[in-house]
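Novice: show me how the following folds:
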Amino acid sequence: MLHSTIHGSGAPLLVFHGLFGSADNWSTLGKRWSTHFEVHLVDLRNHGRSPHFPTHSYSEMAMDALEYMRAHSLRSAHVLGHSMGGKVAMELACTSPESVRSLLVADIGPWAYPVHHAAIIKALQELNPSQYTQRKEAEMAFARSGLDAGTRLFLLKNLYWEGETLAWRINLQALAQHIEEVGKPLSAQAHFSGPCLFLRGAQSSYIPENAEPMLRQWFPHARLETIASAGHWLHADQPEQVFQAGLDFFSAVEAGLGGA
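Specialist: Prediction:
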């Protein structure tokens, strides 16, 4: 079963991270939302402390999420997902709409995206963590990858001690083999009529500024809001804006206002 960290009490809120990330990426915001909701910070398959599988698809990840909800006796929940996690959240909402009370998608759309992670996968594959006896040595070697400092810092959060050996916590082999799955679109027939909010980073190209009519092909009640001065990792760039947008949206749904 998927690993999670749970904070607070109240109406359940599931949070799904992005590619190469983990539930820890949303820890600060999750703890803040937990004063109002029971927040489940979930590690998706092949990430964090969740099980490794040889396959990696959105249909499988949505089923993983549904099994997680059943195991925790959650009949329905608010669901938030960022990037890859946003695609998982959309898939869950469209295939099991009764399980999703509201949907918040952070900086990803339901359409197809070209594969653009080749440099990251190459850098991860070229570093063999087990050959280093100190974490600092591995970090210095990774600095030669050519990736920018912010990306390296994000990826190095996956480095951990497995006994006396360093290793990647992500299932790098499966992610590399199935990386094209990450960019696949939601089915053209997919549909979720519940409350839905999309957040886009003003400095990100993942969701165009005028995309709301396009989003409503899948999500007829979708609203699109822009997080100012934020890129794709909008929750890291502007945590206060994302916190308030999420709190207002989920609280409005709880109050019966449909997230309006």
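Novice: isn't residue 77 right up against residue 10?
Specialist: No: using CB atoms under 8 Å, residue 77 is not in contact with residue 10, being 11.0 Å away. Every residue, glycine included, has its C-beta placed from N, CA and C.
Novice: how about low-confidence regions in the stretch 101-250 of the chain?
Specialist: Within the stretch 101-250 of the chain, no range satisfies pLDDT under 70.
Novice: centre of the chain to the helix or strand encompassing residue 120, how far?
Specialist: Element membership of residue 120 [criterion: DSSP states H and E] is helix 118-126. Helix 118-126 has its C-alpha centroid displaced from the chain centroid by 20 Å (CA atoms, centre = their mean, to the nearest Å).
Novice: over to stretch 75-90?
Specialist: Relative to its chain's centre, stretch 75-90 lies at 7 Å (CA atoms, centre = their mean).
Novice: then that stretch to CSV, C-alphas only?
Specialist: Extracted C-alpha coordinates of stretch 75-90, given in CSV (Å, rounded to 0.1, in the frame of the first residue of the first chain):
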residue,chain,number,x,y,z
ARG,A,75,-15.4,7.2,1.2
SER,A,76,-14.5,10.5,-0.4
ALA,A,77,-11.8,13.2,0.0
HIS,A,78,-10.6,16.5,-1.3
VAL,A,79,-7.7,15.7,-3.7
LEU,A,80,-4.8,18.0,-4.6
GLY,A,81,-2.1,17.0,-7.1
HIS,A,82,0.9,18.8,-8.5
SER,A,83,2.4,18.0,-11.9
MET,A,84,2.4,14.2,-12.3
GLY,A,85,0.4,14.1,-9.1
GLY,A,86,-2.1,16.4,-10.7
LYS,A,87,-2.6,13.9,-13.6
VAL,A,88,-3.1,11.2,-11.0
ALA,A,89,-5.7,13.3,-9.2
MET,A,90,-7.5,14.0,-12.5
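Novice: check which residues of that stretch are buried.
Specialist: Within stretch 75-90, the residues that count as buried by 16 or more other CB atoms under 10 Å are 76-90.
Novice: related to what we said a few turns ago, run through the neighbouring helices and strands of the helix holding residue 120.
Specialist: Where contact means 3 or more CB pairs under 8 Å, 6 or more residues apart in numbering; DSSP states H and E, helix 118-126 is packed against helix 149-156, helix 172-177.
Novice: from residue 20, how far out is the closest residue to residue 121 other than its chain neighbours?
Specialist: Using CB to CB, 6 or more residues apart in numbering and skipping residues adjacent in sequence, the residue nearest residue 121 is residue 176, 5.0 Å away. In this view, residue 176 and residue 20 are 11 Å apart by CB to CB, to the nearest Å.
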